[in-house]
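*Asks:* need coordinates for the following:
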Amino acid sequence: MRRLRTSLRPQHLLLLMLCLRNGHAPAQAGEQNAKTVQLLRSGADATHRGDLAGAEQIFQRVVSAAPELSDGYLGLGLVELRRGELDDAAKSLTRATELNPKLHGAHLFLGIVQSQMGLPDPAAESLRAEIALQPSNAEALSWLGIVELGAGHPEQATEPLDRAHALSPKDAHVMYYCARAHMLVAEAVYKQLAQLDPDSALVHRGMAESFEIAGQPEKAIAQYEAAIKKDPADADLYDALADADQRISRVEAAKAAYEEELKLNPHSALALYNLGRIDVERGNPGRGVELLRKAVAVHASPAPTDFYLGLGLAELGQNEEAAQWLEKALANQPSPFIEQGTWYQLARVYPKLGRKTDAQHALAELKRLLDLAQAQKEVTAKEAVRSTPQPTLPESPHQP
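*Replies:* Now for the predicted structure:
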């Protein structure tokens, strides 16, 4: 088993302890005396305070007083897990699952213990048992994915990790392992593909995409170019190459690639849009408008296409139609960049049409958006400062 660097997140362990303290245990322990119930709550409280040694002693008293109470073994196993006493934790949690196979959390934490002990098969079995009880338990799903990854089975890790990510889309821990699982599966398939034909266009394209993900655009471009040599009739390869060129501001190279794509696919919305945008931005609005009209006809992304079409028309002095397209851009849920640019252009076009009130409104909206963007930058900067660990000054060697 390949061991992954994982760590227990205490907040998830404490959730179960909070359940014990807040009344889940009495439902099962209704026939136990009040002293046992109070001990369960005291053990949970001690755990929350961080008094793990004290909590362990309390739960030992619980299982001695009520040896058939699964909640007592669950609490004891959790504390033993927190203290790193894995063998004892496995025994306690196994006993909890034997006494009550439907006890929520017991299979989960038993699986975590077994994973920490380097027992992937039993761990996966325990985690699947928890998922059978709680299909929407993101913690159990993510741990199952982590266990499968550690066992060298990324293809079996993707499904539970995808489900965990869908349930907890902002959990960075889950996102990392989900991405890792898919990356490992992709790498394995690419290796199989390379074995079939090491110099095929598909292999070069796959390598290019991998370089892009890794943030190595120059290497990605070289691989896209190699792929095109192998399959010069694939329009998608030119589109990918052009996008990669644009990311490092190789505008002329990108333009040439989009031109080649358009020769192969005259109705490519992306190529028409990008070529039109580049022409408008680089002082050729006549051809840019012509291309962007074609892009609109083949349903290119509306907001940016409408914006650049309006910008090109404004550069040609066709202000009435320019205003219409710019207003359409605003109606099509533009990105913040396009929205700011659209209000700026409208503030220039409206006065030429004698629409002074509209021009004032456009300027006011532009100022509002700029102020909002600046405020967001300041908030982001403050959050970054708060989240950055502060350096600890070393003690003076002269201090006793």
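*Asks:* where in this protein is the helix or strand with the lowest mean pLDDT?
*Replies:* Between all helices and strands in the chain, the lowest mean by mean pLDDT, DSSP states H and E belongs to helix 24-28, at a mean of 45.
*Asks:* which is the succeeding secondary structure element to that helix?
*Replies:* The C-terminal neighbour of helix 24-28 among helices and strands, as given by DSSP states H and E, is helix 34-49.
*Asks:* what residues sit buried inside the helix or strand hosting residue 77?
*Replies:* Assigned by DSSP H and E, residue 77 belongs to helix 70-82. Within helix 70-82, the residues scored as buried using 16 or more other CB atoms under 10 Å are 70-82. C-beta: built from backbone N, CA, C; applies to glycine.
*Asks:* hang on, isn't residue 164 packed against residue 146?
*Replies:* No - assessed by CB atoms under 8 Å, residue 164 is found out of contact with residue 146, at 9.7 Å.
*Asks:* please state the offset of the helix holding residue 77 from the chain centre?
*Replies:* Average the C-alpha atoms of helix 70-82, do the same for its chain, and the two points are 33 Å apart (CA atoms, centre = their mean, to the nearest Å).
*Asks:* so what's residue 347 up against?
*Replies:* With contacts defined as CB atoms under 8 Å, 6 or more residues apart in numbering, residue 347 is in contact with 359, 362-363, 366.
*Asks:* hmm, which two among the residues you listed are most spread apart?
*Replies:* Greatest spacing in the contacts of residue 347, by CB to CB: 359 and 366 (10.7 Å).
*Asks:* residue nearest the centroid of this structure?
*Replies:* Nearest residue to the geometric centre of the chain (CA atoms, centre = their mean): residue 175, 4.8 Å.
*Asks:* could you pull out the strands for the stretch 151-300 of the chain?
*Replies:* Counting by DSSP state E, counting those that start in this stretch, the stretch 151-300 of the chain has no strands at all.
*Asks:* report pLDDT for residue 47.
*Replies:* Note on residue 47: pLDDT of 87.
*Asks:* got it, and residue 11?
*Replies:* At residue 11, the model reports a pLDDT of 45.
*Asks:* switch to numbering from 685
*Replies:* OK, 685 is where the count begins now, so the last one is residue 695.
*Asks:* can you name every helix or strand that the longest helix belonging to the chain contacts?
*Replies:* When the chain is parsed with DSSP state H, its longest helix is helix 1040-1071. Packed against helix 1040-1071 by the contact rule (3 or more CB pairs under 8 Å, 6 or more residues apart in numbering; DSSP states H and E) you find helix 1020-1036.
*Asks:* the helix it packs on versus helix 1040-1071: what angle between them?
*Replies:* Interaxial angle, helix 1020-1036 versus helix 1040-1071 (axes from the mean of the first three to the mean of the last three CA atoms, to 10 degrees): 160 degrees.
*Asks:* output helix 1020-1036 as CSV, restricted to C-alpha atoms.
*Replies:* Output of helix 1020-1036 as CSV, limited to C-alpha atoms (Å, rounded to 0.1, in the frame of the first residue of the first chain):
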residue,chain,number,x,y,z
PRO,A,1020,-16.8,41.8,-14.6
PHE,A,1021,-14.1,42.7,-17.2
ILE,A,1022,-16.6,42.9,-20.1
GLU,A,1023,-19.1,44.8,-17.9
GLN,A,1024,-16.6,47.5,-17.0
GLY,A,1025,-15.5,47.8,-20.6
THR,A,1026,-19.0,48.0,-21.9
TRP,A,1027,-20.0,50.9,-19.5
TYR,A,1028,-16.8,52.7,-20.5
GLN,A,1029,-17.6,52.4,-24.2
LEU,A,1030,-21.2,53.5,-23.7
ALA,A,1031,-19.9,56.5,-21.8
ARG,A,1032,-18.0,57.4,-25.0
VAL,A,1033,-20.8,56.5,-27.5
TYR,A,1034,-23.8,58.0,-25.8
PRO,A,1035,-22.6,61.7,-25.9
LYS,A,1036,-22.1,61.3,-29.7
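*Asks:* that one: how far from the chain's middle?
*Replies:* Centre-to-centre, helix 1020-1036 and its host chain are 33 Å apart (CA atoms, centre = their mean).
*Asks:* now that helix: buried residues?
*Replies:* By neighbour count on 16+ other CB under 10 Å, the buried set for helix 1020-1036 is 1022-1034.
*Asks:* may I see the residues you listed arranged in a markdown table, with distance to residue 1001 as well?
*Replies:* Below are the buried residues of helix 1020-1036 laid out as a markdown table (distance: CB to CB, whole Å):
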| residue | distance to residue 1001 |
| --- | --- |
| 1022 | 22 |
| 1023 | 24 |
| 1024 | 23 |
| 1025 | 19 |
| 1026 | 19 |
| 1027 | 20 |
| 1028 | 18 |
| 1029 | 13 |
| 1030 | 16 |
| 1031 | 17 |
| 1032 | 12 |
| 1033 | 10 |
| 1034 | 15 |
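*Asks:* of these, which pair is most distant in space?
*Replies:* Largest separation among the buried residues of helix 1020-1036 by CB to CB: 1022 and 1034, giving 17.9 Å.
*Asks:* tell me how far the residue nearest to the centre of the chain lies from residue 760.
*Replies:* Per CB to CB, to the nearest Å, residue 859 is found 33 Å from residue 760.
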